[in-house]
Structure formats: structure tokens, C-alpha cells
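Novice: Build me a structure from this.
(one chain, ligands or ions: 2)
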Amino acid sequence: QMIIVVTPTYKRLTRIADMIRMANTLSHVKNLHWIVIEDGNKKIPAVENILKRTNLPYTYLPFKTIEGYPKRGWYQRTMALKFIRSNTSQILGKEHKEGVVYFGDDDNSYDIRLFTEYIRNVKTLGIWAVGLVGGGYVEAPKVVNGTVPEFNVGYLPSRTFAVDMAGFAVNLRVVMNSTAVFGLHCKERYAPETCLLEDMGLERKDIEPFGWEGEKDREILVWHTKTSTPNFPKAEKNATKPAPPPETYGY
Ligand code: UGA
Ligand code: MN
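Specialist: Numbering: from 1, shown residues only. Ligands and ions are numbered 1, 2, ... in the order given. Next up, the predicted model:
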């Protein structure tokens, strides 16, 4: 089945570096459609060039965060969900009838096997461990005989789905059978992830855990990394100043 990866992105010093890293990973995955939503008024050529060079089928659209939405990709993922629902056959192409939707932020670190071994096999709701998130080494579902009775997480383990954005994927069928998005009401809920999944009508018993059952299965395939911004004011004190980056770099 087709993997649909949804990535919000926005202009900042490290964006091109982050996007190249992610593009280099995704370009190894077959049958993947990359939906990238620019948090801005227009598309950025440097970003589109990265997408073209992956040779993946992709969609690149600008939707600047509107008033009231948190500036953390919520509005971009919402618009992507609407796009998926109204352009499903175009995204799937002729060869595919089924798909999986994954929200992959542009600054995380992805093992290729996350896509080929986990996401590709999600029938309803797949959940797995995420490294370097929630103030700890790892957040993971507690897996008991293939079920998830609870979550091993630092922040609010009582959430129905105590998982970071990078730690789950939903089958396209679930997306198509609901109108759920990352709505403003999610601001009053505990986290956008559990808000969306609950709004999609999912329950804990729907979870298909990947990995993390038993001692031998403790591999992490995605990390919630954050690229640090270089301190330019400090660099300016140096005798030789680097040339400012051309605008086309998309910084
Ligand atoms: C964490 C989660 O990993 C996010 O998936 C979640 O949306 C967010 O918390 C939340 O609580 O709402 P974090 O790593 O702290 O995210 O945030 P960023 O990586 O800075 O942003 C998430 C995504 O939104 C990224 O793809 C980023 O490029 C995008 N973004 C961020 C925008 O499109 N616009 C912005 O102004 C900021
Ligand atoms: Mn992030």
C-alpha cells in the first residue's frame, strides 16, 4: 500500500539542512507520496527542488498558519488531511487502492526501516517507540501479547494515545471514514496526537504495536531530534565574515 507522509515545514536557518536529511531518507522508500505543507504564503523554490530531486511523487502547497492556531504544524497537517480526502485517487495513483498516513516532521531522524517495516504494514493504527522525546531517552507503548494496555511515557501516561506525532501512523481507510483534523478544540485537550486519534473514533484496542515486545525487540526507528540554530552574532566577531546566504537557498 501507498505510504503518505505529511510534513509541515517553515523558514528558518536549519530548514534546508533538515529537509535534505529527510529527503535523503524518504527517497529510498518505494510507493511513497510526500505531502509537504509550507507554513507561509508561497512555495519556496529551494524546498521544491529538494522534493523534485527525491524522484518521489509529491505535493507541495503553502498554507500559512491562521489566527488562533498554535504555530507547530497543526494547521498544515489539517490542510493536508483535507487535501488527502479530496484528492485520494490522485495521491494513490493507478496501482494502489490502499494507503497509510504518517505525520513526519521535518526535523526528526528516521530509520528507513520505519517506513518499509512499520508504516507500510499498518492496517488500522500502528504505534511504536520514539527516541529522545518527552524529556527522556524513549517513549514507548507497553506491549503485552501484542496489545498495548498502557504507555511508558513521562508526560500524561493516562492519555488514550500517549504517543508523539512521530510514533504512529493511521490507515487511509480510517482517515477517509472521518472528518477529524487538528482542530482548535485540541488546544483544550492534552495533546494533538491523542486528540486527532480519538476524534477519528479509534480506541486503545485498535492499536497495532510495532517492536518493543520483549528484550530483543527494543530497537528505535525514529528520534524526535531538534537541529540547533547556529549563533551568528557570535560568529560576527570573527575577522572573516562568511557571505550571507543567497535567498534561493530557502533559509
Ligand atoms: C512536537 C511534536 O513532535 C509535533 O509533532 C507537535 O506538533 C508539537 O510538539 C505540538 O505539541 O504541537 P516540536 O519538535 O516541539 O514538536 O516542534 P517542531 O518540530 O518545531 O514543529 C513541528 C512541525 O511543525 C515541524 O515539521 C515544523 O517544521 C512545523 N512548524 C513549526 C511549522 O510549520 N510552523 C512553525 O511555526 C513551527
Ligand atoms: Mn520537531
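Novice: Tell me the residues of the stretch 101-250 of the chain that contact ligand 2?
Specialist: Selection of the stretch 101-250 of the chain residues close to ligand 2 by Cβ under 5 Å from the ion yields 105, 107. To be clear about C-beta, it is placed using only N, CA and C from the backbone, and glycine gets the same treatment.
Novice: one more time with 6 Å, if that's ok
Specialist: Contact residues (Cβ under 6 Å from the ion) of the stretch 101-250 of the chain with ligand 2: 105, 107, 226.
Novice: Please determine whether stretch 110-128 lies in contact with ligand 1.
Specialist: No - residues of stretch 110-128 are not located near ligand 1 by Cβ under 6 Å from any ligand atom, the shortest gap being 12.4 Å.
Novice: want to throw the residues of the stretch 101-250 of the chain next to ligand 2 into TSV with pLDDT?
Specialist: Shown next, in TSV, are those (pLDDT from 0 to 100):
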residue	pLDDT
105	98
107	98
226	96
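Novice: List buried residues within these.
Specialist: Those of these that meet the buried threshold are 105, 107, by 16 or more other Cβ atoms under 10 Å.
Novice: Just the closest of the residues of the stretch 101-250 of the chain next to ligand 2 to residue 148, please.
Specialist: residue 105 (22.7 Å; Cβ to Cβ).
Novice: Show the contacting residues for that closest one.
Specialist: Contacts for residue 105 (Cβ atoms under 8 Å, 6 or more residues apart in numbering) come out as 7-8, 73, 165-166.
Novice: Apply the buried test to those and list what passes.
Specialist: Buried subset of the contacts of residue 105 (neighbour count, 16+ other Cβ under 10 Å): 7-8, 73, 165-166.
Novice: which ones among those residues are found in strands?
Specialist: Among the buried ones among the contacts of residue 105, the ones falling in strands (DSSP state E) are 7-8.
Novice: picking up where we left off before, make TSV from the residues of the stretch 101-250 of the chain next to ligand 2 and add secondary structure and distance to residue 203 to it.
Specialist: Below are those laid out as TSV (DSSP: H, G, I helix; E, B strand; the rest coil; distance: Cβ to Cβ, whole Å):
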residue	secondary structure	distance to residue 203
105	coil	26
107	coil	31
226	coil	32
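Novice: which of the residues of the stretch 101-250 of the chain next to ligand 2 are close to ligand 1?
Specialist: 105, 107, 226.
Novice: separation between the first one and residue 231?
Specialist: The one in question is residue 105. 23 Å (Cβ to Cβ, to the nearest Å).
Novice: For the closest residue to residue 121 other than its chain neighbours, give me its contacts.
Specialist: Nearest non-adjacent residue to residue 121, counting by Cβ to Cβ, 6 or more residues apart in numbering: residue 210, 7.6 Å away. By Cβ under 8 Å, 6+ apart, the contact set of residue 210 is 117-118, 121, 126-128.
Novice: re earlier: closest one of the residues of the stretch 101-250 of the chain next to ligand 2 to residue 176?
Specialist: For those, the nearest to residue 176 is residue 105 (23.2 Å; Cβ to Cβ).
Novice: buried set for stretch 217-232?
Specialist: Neighbour counts over stretch 217-232 (16+ other Cβ under 10 Å) mark 220-225 as buried.
Novice: Residue 214: which of the ones next to ligand 1 among the residues of the stretch 101-250 of the chain next to ligand 2 is nearest?
Specialist: When these are ranked by distance to residue 214 (Cβ to Cβ), residue 105 comes first, at 29.1 Å.
Novice: Identify all contacting residues around stretch 35-48.
Specialist: With contact meaning Cβ under 8 Å, 6+ apart, stretch 35-48 is reached by 4-11, 15-16, 19, 51, 58-65, 71, 73, 75-77, 79-80, 83-84, 91, 248-250.
Novice: Out of the residues you listed, which end up buried?
Specialist: Buried members of the contacts of stretch 35-48, scored by 16+ other Cβ under 10 Å, are 4-10, 15-16, 19, 51, 58-60, 62-63, 65, 73, 75-77, 79-80, 83-84, 91, 250.
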